[in-house]
Each structure stands twice: as C-alpha cells, then as structure tokens.
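Engineer: here is a sequence with its predicted model. Questions after.
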Amino acid sequence: MTAGLLGLVRRWFLLVVAIAVWELATRRAADVFFPPPSRIVARMYDLWFSGPAAHLWLTADAIANVLPSLGRMAAGLAGALVAGVALGLALGRSERIRAYLDPLLQFGRAVPPPTLVPVFVVLMHLGTPMQIVSIAVSAVWPILLNTADGAGSVDPLQIATARVFRLSAADRLVRIIVPSALPKIFAGLRLSLSLALILMVFSELLPGTADGIGFELTDAQSRSDLPTVWSAIVLLGILGYLLNTLLLVLERRVLRSYRAERGAS
C-alpha cells in the first residue's frame, strides 16, 4: 500500500466507522427522529442532486435554495475580505491608530455575530441585502485583526531596505507588506468562512425569508419532515468541509508561490 493511499485510509477510517455505527444504531432503534444515514443520503439525492445533466445534476430545489445561499455567503465573505484587508493593512502600519482603536476592535470582535442580525433587520428590513451585510459585518473581524497583526509584524529591515532602494509606498505595500501578511490573512479568512456559513443559515431562519438552506430547514421542521431537516444539516456540514478544503488548497498554492519567489529573489 502506497503512502498516499495509507494516509487516505487513515484519514477516512474513523468517519466510515462512525457512519456505520450510526447506521446500525438508528436501524436498531427505529426512532422516527433519528433516521439512518442511508435514508438521509437518499433524501439529499432526491432533493438536490437528481436533476438533469444540463443543470449539473442539480434539481429545481437546489437551484432555488442551495445556490442563493451560497451566493449570499460568497458576497458577504467577499465584502468582509475587501474591507478587512484594507482596514487591517491601514491599522497594521500605524501603531498609534491601532493602539487607539484596539479596545473598540476587541469589543466588536467579542459581540456574538447572531445578536447583530436583529439590528440589521430594523435598519434594512428583511431581504438579500440585509443578509449579505449581516454576513459581511460579522465575518470581517477575524480578517481585519489578523491582517493588522500580519502587517504590523513585517520585518523592519525589509521596509528599511525598500526605502533605501526608493520604492514607493504602493510598491512597498504590494511587494513586501501584503506578501508578508498573507499567512495571517488566510488564517483570518478561514475563521471568517465558518462565521459566514453560520450567519448565512441564521439569517435565513428569520420569518419572511423566501429561499435558502435555512429557509428550507425551517420549512421542513414546521412540517415535521425530519429526513429533510437532517439532510439540510448534513449538507451544511459537507459544504463547510468542502469550502474549507478548497481554501486550504488555495492557501498552500499562494503561499508556496510566494515563498518560491522570495527564495529565488
């Protein structure tokens, strides 16, 4: 057995065993509130993945609920990334401003994100703009604080050398500060991804929402459709895992490219 295959077996062995135990236990208990995984997977297939090949096997339900949820989360996370990196770089390069604003930033980070949703409902009313803004404002803090930390920890010798070579402020930002802060930026982005997924679901649980995974979860719960409830929960777990995995792959490639370029220079 090759090392790669052995690592794959080790990684998935515990999950496979847990699912097998879950299947056997739920079939033995025959409890309507806890359907077996095989039934949940079958329900997920019927709901979302049994569509035509022209639609990438997505059903009308998936297009109407899953894709809008992912779109809101992507828009909110993109807004948080842009605002967090821009403000974090500005704060990281100014110790005085960071010292003044640090208590406010720590306070904002400590506020539980779901508690802000009612505030946005009052200010913006229900709808997609409110959901996107609530995701962005709640997910911005890990990116902002990690970016500020990364920008503030750039090697002073590199900055001094750049000034000696008369690099402009924009060149120093692009060539030195941002690349040096990239590991911290990605660390904050991973945390923000989890927050964005949580806030996406929470914003769709509110009354008046017309679509989304959270809406489908609430609707299934009101109809006591427990297989659909479990299907939505499992889907959210799978989406979280896949999105985090894609982000890790992107992070490794970007950082590998940066380190290779830095080593060559």
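Structural biologist: That came through fine.

Engineer: so where's the protein shaky on pLDDT?
Structural biologist: In the prediction, the chain carries residues with pLDDT under 70 at positions 1-5, 7-8, 259-265.

Engineer: now with 50, please.
Structural biologist: Nowhere does the chain drop to pLDDT under 50.

Engineer: tell me, what residue is most central in it?
Structural biologist: The C-alpha lying nearest the average C-alpha coordinate of the chain belongs to L193 (C-alpha atoms, centre = their mean; 1.6 Å).

Engineer: wait, isn't A187 in contact with N146?
Structural biologist: Yes. The pair formed by A187 and N146 meets the contact definition of C-beta atoms under 8 Å, at 5.3 Å. (C-beta placed from N, C-alpha, C; glycine too.)

Engineer: who touches the residue nearest to the centre of the chain in this structure?
Structural biologist: Each residue near L193 by C-beta atoms under 8 Å, 6 or more residues apart in numbering is listed here: 77, 139, 240, 243-244, 247.

Engineer: out of the residues you listed, which is most surrounded?
Structural biologist: With neighbours set by other C-beta atoms under 10 Å, the maximum within those is found at A139, which has 32 neighbours.

Engineer: which ones are touching that residue?
Structural biologist: By C-beta under 8 Å, 6+ apart, the residues touching A139 are 76-77, 80, 113, 192-193, 195-196, 199.

Engineer: then A60?
Structural biologist: Here A60 is in contact with G51 (C-beta under 8 Å, 6+ apart).

Engineer: how about stretch 180-200: buried residues?
Structural biologist: Residues 180-182, 184-190, 192-193, 195-200 are the ones in stretch 180-200 that count as buried (16 or more other C-beta atoms under 10 Å).

Engineer: of these, which belong to helices?
Structural biologist: 180-182, 184-190, 192-193, 195-200 (DSSP state H).

Engineer: please tell me I have it right and E23 contacts S38.
Structural biologist: Yes. Counting by C-beta under 8 Å, E23 does reach S38; the two are 6.2 Å apart.

Engineer: shared neighbours of these two, anything?
Structural biologist: Overlap between the neighbourhoods of E23 and S38 is empty, taking contacts as C-beta under 8 Å, 6+ apart.
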